[in-house]
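Chemist: With the input below, show me the fold.
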Amino acid sequence: MNELVPISHWSALLLGLFTLFTSLGELRRPGHWQKLLDEITRSPALQLLTAMIEFPVGVAIWFLNPWPSPDWLSRVMNVIGVLMGAEALLILAIPDRYLGVWIRRFSPLSRVWAWISAAFGLALIAAALINR
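Modeler: Got it, this is the predicted structure:
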């Protein structure tokens, strides 16, 4: 059981850092995420590449953080991994519809989404560092 705790902490810390710094990039250069989504929407190759990266990362997070764990952070990371894997499959199966939903939701609120993502990243980092 104890050997699972560091995995959930590392998963949360690394994903939190990635999310936080990605958010800071959008806040520094507003419209960057919109351009990225537009490019992925137009390119089947980028859709495949996105799914090829997101699926194994999500599945790895899912497998390394088992649900039946006394560590709540492990269960949270398990759910995040499942959602990442599911998103990758949606990008492969119905990219036009799935990405279209995000573009409609994202476009008018890019700064709000960036702040929400930054807060989520900070929460993951804090959970990883505090929950030792």
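Chemist: which SS class is the most centrally placed residue in the chain?
Modeler: For the chain, the residue nearest the mean C-alpha position is M84 (6.3 Å; CA atoms, centre = their mean). Following DSSP: H, G, I helix; E, B strand; the rest coil, the label given to M84 is helix.
Chemist: Leaving out sequence neighbours, find the closest residue to it.
Modeler: G58 (2.7 Å; CB to CB, 6 or more residues apart in numbering). No exception for glycine: its C-beta is placed from N, CA and C like everyone else's.
Chemist: Need the pLDDT of that neighbour.
Modeler: Looking at G58, its pLDDT stands at 97.
Chemist: and it, what does it touch?
Modeler: Each residue near G58 by CB atoms under 8 Å, 6 or more residues apart in numbering is listed here: I80, G81, V82, L83, M84, G85, A86, E87, A88.
Chemist: go on, P44?
Modeler: P44 touches P95, counting by CB under 8 Å, 6+ apart.
Chemist: could you redo the last one with a cut-off of 6 Å?
Modeler: By CB atoms under 6 Å, 6 or more residues apart in numbering, the contact set of P44 is empty.
Chemist: For it, grab phi and psi.
Modeler: When read as degrees, to the nearest 10, the backbone of P44 gives phi -60, psi -30.
Chemist: Check L129 too.
Modeler: Taking degrees, to the nearest 10 as the convention, L129 sits at phi -80, psi -30.
Chemist: Repeat that for N65.
Modeler: Dihedral pair for N65: phi -120, psi 80, per degrees, to the nearest 10.
Chemist: Pretty sure it sits against V76.
Modeler: No: in this structure N65 lies outside contact range of V76 using CB atoms under 6 Å: 8.1 Å.
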